[in-house]
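> Could you look at this predicted model? Sequence included:
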Amino acid sequence: MTEITPILMPKWGLSMQEGKLTDWHIKEGDEVKVGDEIMDVETDKITNVVEAADGGTVRRIVGTAGEVYPVRALLAVMAPASVPEEEIDAYVSAYETPVSDEEDEDTGPAYHVIELPIGKIRYAEQTGANADQTPIVLIHGFGGDLDNWLFNIDALAEHAPVYALDLPGHGQSVKSVDPGDPGIFTQTLLDFMDHCDIKRAHLVGHSMGGLVAGSTALDHPDRVASLTLICSAGLGEDINKDYIDGFVNAAGRKELKPVLTHLFYNQSLVSRAMVQDLLKYKRLDGVQDFLTQLSTTAFRDGKQARIIADKLATLDIPITVIWGENDAIIPASHAQNLPDVKPHVLGSAGHMVQMEHAGEVNKIIAASLD
């Protein structure tokens, strides 16, 4: 029995309770390697491909494409050819899908809300076996939230403790903030690290979050062990102003959905639920004014207002750059703007490369920790 490896319905985020198995990329008899794409799963948040966490021979397909299954339901079984069919049958028959809340809390990220000088800040925390390692802090971009890291938190927690926060004005954090001072996000990040007793961290920033991470490293290099910049702002002036204006001004689903398709190479990832969640966020008190002011401050005259590439090049801190080759928000050419850093430019990926190619991005980040 110990040679049998299950393939389960994944759990992405604390709120996910079930997922729809939309398609298999494997069949019985296939040899699977770690990182291979094995199936597509649709949730109320997003549809995405699932990559193999373990390798082996696919001996039994249990899940049916098109059906909905609870998280951690048994969908397939891998085992060496030496394992008899009777043992596979017994394993499948005996498997029971875990349903306890305690297990969910033990295996998924924990969500917290804290009070900082700026106000309420929500964050997720996940700690694996390497709790003694320098923590990783994930910083989302303009209009995003910590759920932008759904496919990264658990994988990265295998290497170090992981924290992801909703920046002020975003997600479930405080909305009544003045974005006129771009230092608001950097100061919040430092206050957050102090609250969580994080003396030094590996900062991973996406889009505007990359600018926040880079600015923090410039102002407080002693607090930053390494930088990973994903489709980062701050490395060049160009930005898709139509996307920024469209996101800020969209008031309904018909207006917002076409705007969001710019984020992904695979535009089918923009689900109805994603659009509805963002509309709910945009309709909260204070959010519209906040986004309008922030877009004016951060993106003046259709250009990025703060460029830090030259200053970053002087830092004695390891820097990793990751980009989606088909980024329609910030050009992938900006990945070349740090002359001493060889970027990772991933094909068939857009601005949300950490979601579209989560497995590869997670590997790159994990390798950068060394």
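Yep, it's here.

> When you work out contacts or count neighbours from here on, use the C-alpha atoms and nothing else.
Fine.

> And the residue nearest the centre of the protein?
Trp149 (1.9 Å; CA atoms, centre = their mean).

> Run through the residues that contact that residue.
Taking CA atoms under 8 Å, 6 or more residues apart in numbering, we find Trp149 in contact with 138, 140, 164, 354-355.

> Now flag whichever of those residues is closest to Phe290.
His140 (16.3 Å; CA to CA).

> check contacts around the closest one.
Going by CA under 8 Å, 6+ apart, His140 touches 146, 148-149, 165-167, 205-209.

> Tabulate the residues you listed in CSV, adding columns for pLDDT.
Shown next, in CSV, are the contacts of His140 (pLDDT from 0 to 100):
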residue, pLDDT
Leu146, 96
Asn148, 95
Trp149, 96
Leu165, 98
Asp166, 97
Leu167, 97
Gly205, 98
His206, 98
Ser207, 98
Met208, 97
Gly209, 97
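
> Just the ones of those residues in strands?
165, 205-206 (DSSP state E).

> How much space separates Arg59 from Ser93?
To Ser93, Arg59 is 14 Å away according to CA to CA, to the nearest Å.

> Determine which member of those two has the greater number of neighbouring residues.
More crowded of Arg59 and Ser93, by other CA atoms under 10 Å: Arg59, with 22 against 9.

> hmm, who's touching the helix or strand that contains Glu87?
Using DSSP states H and E, Glu87 sits within helix 85-94. Residues outside helix 85-94 that contact it (CA under 8 Å, 6+ apart): 1, 4, 59-60, 74, 77.

> In the residues you listed, which has the lowest confidence score?
Sorting those by pLDDT puts Met1 at the bottom of the list (46).

> Including secondary structure and distance to Val174, could the contacts of helix 85-94 go into CSV?
Written out in CSV, the entries for those read as follows (DSSP: H, G, I helix; E, B strand; the rest coil; distance: CA to CA, whole Å):
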residue, secondary structure, distance to Val174
Met1, coil, 50
Ile4, coil, 47
Arg59, strand, 50
Arg60, strand, 48
Leu74, strand, 40
Val77, strand, 45
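
> quick check, nearest of those residues to Asn240?
Leu74 (42.9 Å).

> Pretty sure the closest one sits against Thr5.
No - look at Leu74 against Thr5 with CA atoms under 8 Å: they stay out of range, at 10.3 Å.

> how about the helices in the chain?
For the chain, the helices defined by DSSP state H cover 85-94, 101-107, 153-156, 183-195, 208-219, 241-249, 253-260, 272-282, 287-298, 309-312, 353-356, 358-368.

> which one of the ones in strands among the contacts of His140 is nearest Thr188?
Nearest to Thr188 among the ones in strands among the contacts of His140 is Leu165, at 10.0 Å by CA to CA.

> okay, which residue of the chain is out on the far edge from center?
The chain, farthest from centre, CA atoms, centre = their mean: Glu86 at 40.4 Å.

> so where's this protein uncertain?
By pLDDT under 70, the low-scoring segments of the chain are 1-2, 13-15, 45, 100-108, 180.

> repeat that for 80
1-2, 13-15, 44-47, 99-109, 129, 178-182 (pLDDT under 80).

> This structure - how does it break down into domains?
The record, using automatic domain parsing to delimit domains, assigns the chain the ranges 5-99, 109-368.

> Need the winner for burial among these.
domain 109-368 (a mean of 19; mean count of other CA atoms under 10 Å).
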